[in-house]
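> Here is the input, now give the coordinates:
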Amino acid sequence: MKNILYIGNQLSQNNKTATTIDTLSALLQGEGYNVTKTSNKKNKVLRLLDMLFHIIKRKKNTDVVLIDTYSTTNFYYAYLCGIMCFYLKLKYIPILHGGNLPSRLKTSPKLSNRLFNNAHINVAPSLYLMSEFKTAGFNNITHIPNVIELKQYQFKKRDIDTIRMLWVRSFSSIYNPELAVSILKSFKTNNIPASLCMVGPDNDGSLLTTKAYAKKIDVEVEFTGKLSKKEWHKKAEDFNVFINTTTIDNMPVSVIEAMALGLPVVSNNVGGLPYLIEHNIDGILVASNTKEAFKSAILKLKNDELFLSEITTNARRKVKDFDWSIVKHQWFSVLS
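Purely as a prediction, here's the structure:
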């Protein structure tokens, strides 16, 4: 089997959310691939140096390098690692995660061209990014969706007697966590019983900001901090609406997981979300950053049991295509 070097932010042990480097590497190892991961260094400079060191150290016994690629600071990590692979004649594959990568193509065209055009192939987890990259002139790209193991997700039929909203993400400004609190306040203002639980670790100080905002507008929110996948799946059994408030996004795994669990999803209509959710068929998409639109969509789910049932049943059916038993064959083809 092939020897893979997987480069990304392996920070789940540092109170960060587990990412693709954690999940995909384990699945590939289960299929017999030899996977080395880097880096788990908390300091950003040390993490970059560790990534570059591993490329040099393992150049003779690595068949392919996978590089998790985002649109902000980590874009430069991916660029430097990709260029290192190019000069060492190592085959590398960027995995495109950043929902704002289309903007990065415009703001850093020379770096983007060098990174993505020299890649063996670019893997887009969403059809949204695949479309954007093709429009920008990149043809060495394929679509492989984010993956789940469907057997780990117990589908539960929901009813909405009292609105119980769940939000799952790391607390970052681009995920707009304060909007979730505003949605709760909107229900309270109209004397509609509702609750909100927000699950996830802090990433950029947004957790403290969101807590302060909830206190300021006098609403009670349950903040759990980071939970393991198993823990938040168990927690989800007590909730009946999943809200996704992000302003920039690609193909969020938490939304796919909510669909698998039977939670109806109401999401901002941004980035890759309309490529994942078909409006009023397997979820509801609303205008970005509008609490009243979220409130109306949730009330529609609450007041129409048949609609709620159809939405969640269709969503579960859709995410079957993201099961590892199907997606793994696409990875086998890319890695061959």
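
> what's the burial count for the closest residue to Lys302 other than its chain neighbours?
Leaving aside its chain neighbours, Lys302 sits nearest to Ile160 (4.1 Å; criterion: Cβ to Cβ, 6 or more residues apart in numbering). (Glycine included, C-beta is placed from N, CA and C.) The number of residues packed near Ile160 is 18, by other Cβ atoms under 10 Å.

> for Arg164, helix, strand, or coil?
Assigned by DSSP: H, G, I helix; E, B strand; the rest coil, the conformation of Arg164 is strand.

> for Tyr77, same thing?
Under three-state DSSP, Tyr77 comes out as helix.

> is it true that it touches Leu49?
No. With contact defined as Cβ atoms under 8 Å, Tyr77 does not count as touching Leu49 (10.5 Å).

> Which residue is the nearest non-sequential neighbour of the residue most central in space within the chain?
A centroid search over the chain (Cα atoms, centre = their mean) returns Pro252, at 2.8 Å, as the residue closest to the centre. Excluding the flanking residues, the one nearest Pro252 by Cβ to Cβ, 6+ apart is Asn244, at 6.7 Å.

> try Thr246
Ranked by Cβ to Cβ, 6+ apart and with sequence neighbours excluded, the top spatial neighbour of Thr246 is Tyr175, at 4.6 Å.

> likewise Arg158?
Closest residue to Arg158 apart from its sequence neighbours, by Cβ to Cβ, 6+ apart: Asn240 at 4.4 Å.

> contacting residues around that neighbour?
Listed by Cβ atoms under 8 Å, 6 or more residues apart in numbering, the contact set of Asn240 reads 158-160, 163-164, 263-264.

> Which residue ranges make up the domains of the chain?
Here the domain parsing of the chain from automatic domain parsing is 3-144, 150-321.

> Out of those domains, flag the one nearest Ser336.
For Ser336, the closest of the domains of the chain is domain 3-144, at 9.8 Å, according to Cβ to Cβ.

> now the strands: where do they sit in the stretch 101-250 of the chain?
Per DSSP state E, counting those that start in this stretch, the stretch 101-250 of the chain carries strands over the ranges 122-124, 141-143, 163-168, 194-199, 222-225, 241-244.
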